[in-house]
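Q: Let me see the structure of the following:
(one chain, ligands or ions: 2)
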Amino acid sequence: MPTLSLEPPVTHVLASGPDRLRSSAKAEDLERHSCVMFLRYEWIEDSLKEGKLMPPDPYRLIVHNTSIEKSLTSSTTTTATVAVGCLQMLIAPIAGPQKLNHKGKEESGALGEVVSSMIGKEGKQKKGRGGESDSEEERTKEEDCRGDILTRYLGTTAPAAADALEPCSTSLNTHITRILWELHDLYEGVLDDGNRALIYRKVASEIDKLSYKVTSASQLDKMEGIGQSTRVKIKEILRTGKLEMLEVLLANPKVSVLQLFMSVWGIGPKTATEMYNRGYRTLEDLKRESSLERMPRLGLKYYADILQRIPRVEAVELEKVVVGVAKELYPGVLAQATGSFRRGKASCGDIDFVISHPDGNSHRGLLAKLVARLTDIQFISDGLQDRSRGPQAPGHYEVDTYMGLCKLQGARHYRRIDIKVYPIRAHPFGLLHFTGNDIFNRRIRELAKKKGYKLNDHGLFPTVGEGQNIRSGTESIPCATEREILEKLGMPYLEPHERNW
Ligand SMILES: Nc1ccn([C@H]2C[C@H](O)[C@@H](COP(=O)(O)OP(=O)(O)OP(=O)(O)O)O2)c(=O)n1
Ligand SMILES: [Mn+2]
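A: Ligands and ions are numbered 1, 2, ... in the order given. As a prediction, the model looks like this:
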């Protein structure tokens, strides 16, 4: 089990362009306070490849403004890579104790402000990828152009590719978004109002992406998708640090019990309300309820572990185990972790596998064998298997699903694992769907609808009729790759890390 053993411990990783670094007097200040190391961009690439934090010394840039200039220009590694970013590792003494927001992301607090002032209030933080040789200006143009294309196709701008690798992103605006996320969670979960939840989610994620701290609601004037009532709420949050409407909601005892129940894996609004109406108020009460189905039982059994997010280093190891066993059992199998892991996130809520076999036949029975072997080696501990046979429902093919819990040998926590096995013709659709994120999926499904298709994780089905009478065929348009699916929808291909909407 790999560990994060860098000393002093790393709490933040931020990226900055070298030009900004060269001209910044504050770079020296930060170095003097010895809270920052400036590293070449390859450090994070290698760390991600290796699944652990690499020792920083070989990647270090000497941080006096004049020396930075020298090490940037005289670096023996590709100047192109160096030219796109220098990483700063901000360590504990200044950052103070780590705080987690509701999504388990670190809050950057005052230190974030120091850094944002260093890299520029209005400037978007940029991170490049190794091997790119275009200039910063060219890249900006290209990203802007891609944004335009997507705006045209999807009615919104995708986040720049550079925003996606979460290890480098910390929100500077959790003073606002913490409350908006809480509203999202309440509306989505407890109050079962998906539309309102989506509004708060969109606004909160947009504000989380800003590279400056919002101190006045007028700074958000140009941001799309913020309605008048959300604006009023943000003003109140900025003025008072809280939101009365949220406090009133949270003070409602029923709401807090429902929230607690729905934090259990497998319990949705319906069961939570039912349990509340039966007089249950605590998780201990729930454990006594014999009518609970298997999934919420597991949810209760592994409650504390499931709440913990999976650090990326561990997810890398989890993927190795499952893919390794799948390949051993079925040479040539297509198996990979999707979801937030494939989108490059620093931590994942669970780990989602999508599997298929190119021979068109071996997918049958594969899941049962794989789960049996993973159980034998004491990787999988508990779970549920389900087979949704098709195509009784239009356009639904045989897809096997496993939802359960697993643990690496010697690891502290059990982790949630989902495995989906698709027949090869549906594989790219499964991959696209389970890579997400959910907002991106919603957008491409809307786009498909406009173009006369129904898109789901089984295929792309031409539709006939209109409005209430709309019906989709049972034969999918064949697509061999995710790229082909997006092409059929007339939109440019997006790498998984560009799908963090
Ligand atoms: N209501 C949903 C739920 C899921 N998905 C798709 C998109 C998700 O990205 C993917 C995997 O679902 P997860 O809930 O596991 O979400 P993520 O993997 O994206 O995030 P997390 O880190 O929380 O697991 O399935 C979706 O489109 N709509
Ligand atoms: Mn997931």
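
Q: Check the gap between the residue of the stretch 201-350 of the chain found nearest ligand 2 and ligand 1 for me.
A: Nearest residue of the stretch 201-350 of the chain to ligand 2, counting by CB to the ion: residue 339, 3.2 Å away. For glycine as for every other residue, the C-beta is placed from the backbone atoms N, C-alpha and C. Using CB to the nearest ligand atom, to the nearest Å, residue 339 is found at 3 Å from ligand 1.

Q: ok, that residue touching residue 438?
A: No - with contacts counted by CB atoms under 8 Å, residue 339 stays clear of residue 438, the gap being 10.2 Å.

Q: the more surrounded of the two?
A: Set side by side, residue 339 and residue 438 show more neighbours around residue 339, with 21 against 11, by other CB atoms under 10 Å.

Q: Name the nearest residue to the more buried one, sequence neighbours excluded.
A: Using CB to CB, 6 or more residues apart in numbering and skipping residues adjacent in sequence, the residue nearest residue 339 is residue 352, 3.7 Å away.

Q: same question, residue 189
A: Nearest one to residue 189, counting by CB to CB, 6+ apart, is residue 262 at 4.7 Å.

Q: For the host helix or strand of residue 420, give the mean pLDDT please.
A: Assigned by DSSP states H and E, residue 420 belongs to strand 415-421. For strand 415-421, mean pLDDT rounds to 97.

Q: residues in contact with the residue nearest to residue 339?
A: 337-339, 341, 417-418, 420, 434 (CB atoms under 8 Å, 6 or more residues apart in numbering).

Q: can we see that at 6 Å?
A: Residues in contact with residue 352 (CB atoms under 6 Å, 6 or more residues apart in numbering) are 338-339, 418, 434.

Q: Can you list which of those are found in helices?
A: 339, 434 (DSSP state H).

Q: now the contacts of residue 352: which count as buried?
A: 338-339, 418, 434 (16 or more other CB atoms under 10 Å).

Q: what's the closest of these to ligand 1?
A: Lowest distance from ligand 1 to the buried ones among the contacts of residue 352 (CB to the nearest ligand atom) belongs to residue 339, with 2.6 Å.

Q: Point out where the stretch 401-501 of the chain drops to low pLDDT.
A: Across the stretch 401-501 of the chain, nothing is flagged by pLDDT under 70.

Q: Kindly report the same for the stretch 51-200 of the chain.
A: Judged by pLDDT under 70, the stretches of the stretch 51-200 of the chain that qualify are 55-170.

Q: repeat for the stretch 251-400 of the chain
A: 387-397.

Q: which stretches of it form strands?
A: 310-311, 334-337, 347-348, 351-356, 380-388, 399-406 (DSSP state E, counting those that start in this stretch).

Q: Relative to the fifth one, what are the paired strands and their orientations?
A: According to DSSP bridges, strand 380-388 has the following sheet partners: strand 399-406 (antiparallel).

Q: Tell me what angle the partner strand forms with strand 351-356.
A: Computed with axes from the mean of the first three to the mean of the last three CA atoms, to 10 degrees, the direction of strand 399-406 lies at 150 degrees from that of strand 351-356.

Q: Report the inter-axis angle for strand 399-406 versus strand 415-421.
A: 160 degrees.

Q: Identify the residues contacting strand 399-406?
A: Contacts of strand 399-406 (CB under 6 Å, 6+ apart): 302, 367, 371, 379-388, 414-415, 417-422.

Q: Would you mind writing the PyMOL command to select the buried ones in those?
A: Those of the contacts of strand 399-406 that count as buried under 16+ other CB under 10 Å are selected in PyMOL with:
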select buried, resi 302+367+371+379+380+381+383+414+415+417+418+419+420+421+422
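
Q: Would you mind giving the domain segments of this structure?
A: 12-59, 173-237, 252-303, 310-430, 434-498 (the TED database).

Q: now the ones you listed as JSON lines including distance to residue 244?
A: JSON lines is the format used below for the domains of the chain (distance: least, CB to CB, whole Å):
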{"stretch": "domain 12-59", "distance to residue 244": "32"}
{"stretch": "domain 173-237", "distance to residue 244": "7"}
{"stretch": "domain 252-303", "distance to residue 244": "13"}
{"stretch": "domain 310-430", "distance to residue 244": "30"}
{"stretch": "domain 434-498", "distance to residue 244": "28"}
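
Q: Would you mark the buried spots in the host helix or strand of residue 207?
A: Assessed by DSSP H and E, residue 207 sits inside helix 194-209. Using 16+ other CB under 10 Å as the test for burial, helix 194-209 gives 197-209.

Q: After it, heading C-terminal, what element do we hit next?
A: Taking DSSP H and E, what comes next after helix 194-209 is helix 228-240.

Q: relative orientation of that following helix and helix 194-209 in degrees?
A: Using the same axes, to 10 degrees: helix 228-240 against helix 194-209 is 50 degrees.

Q: now for helix 228-240, which elements pack on it?
A: helix 174-185 (3 or more CB pairs under 6 Å, 6 or more residues apart in numbering; DSSP states H and E).

Q: and the angle for the helix it packs on with helix 228-240?
A: Going by the same axes, to 10 degrees, helix 174-185 makes 140 degrees with helix 228-240.

Q: related to what we said a few turns ago, the buried residues of helix 194-209 also near ligand 2: which ones?
A: Taking CB under 5 Å from the ion as the test, ligand 2 is in contact with none of the buried residues of helix 194-209.

Q: Save those as JSON lines, and put in distance to residue 399 too.
A: Shown next, in JSON lines, are the buried residues of helix 194-209 (distance: CB to CB, whole Å):
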{"residue": "197", "distance to residue 399": "27"}
{"residue": "198", "distance to residue 399": "26"}
{"residue": "199", "distance to residue 399": "32"}
{"residue": "200", "distance to residue 399": "32"}
{"residue": "201", "distance to residue 399": "27"}
{"residue": "202", "distance to residue 399": "30"}
{"residue": "203", "distance to residue 399": "34"}
{"residue": "204", "distance to residue 399": "32"}
{"residue": "205", "distance to residue 399": "29"}
{"residue": "206", "distance to residue 399": "34"}
{"residue": "207", "distance to residue 399": "37"}
{"residue": "208", "distance to residue 399": "33"}
{"residue": "209", "distance to residue 399": "34"}
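
Q: Which single one of those residues is nearest to residue 297?
A: When the buried residues of helix 194-209 are compared for distance to residue 297 (CB to CB), residue 197 wins out at 26.9 Å.

Q: do you know how far that closest one is from residue 185?
A: When distance is defined by CB to CB, to the nearest Å, residue 197 is 8 Å away from residue 185.

Q: What are the phi and psi values at the closest residue to ligand 1 within the chain?
A: Closest to ligand 1 within the chain is residue 436: 2.0 Å, counting by CB to the nearest ligand atom. Reported as degrees, to the nearest 10, the phi and psi values for residue 436 are phi 70, psi -150.
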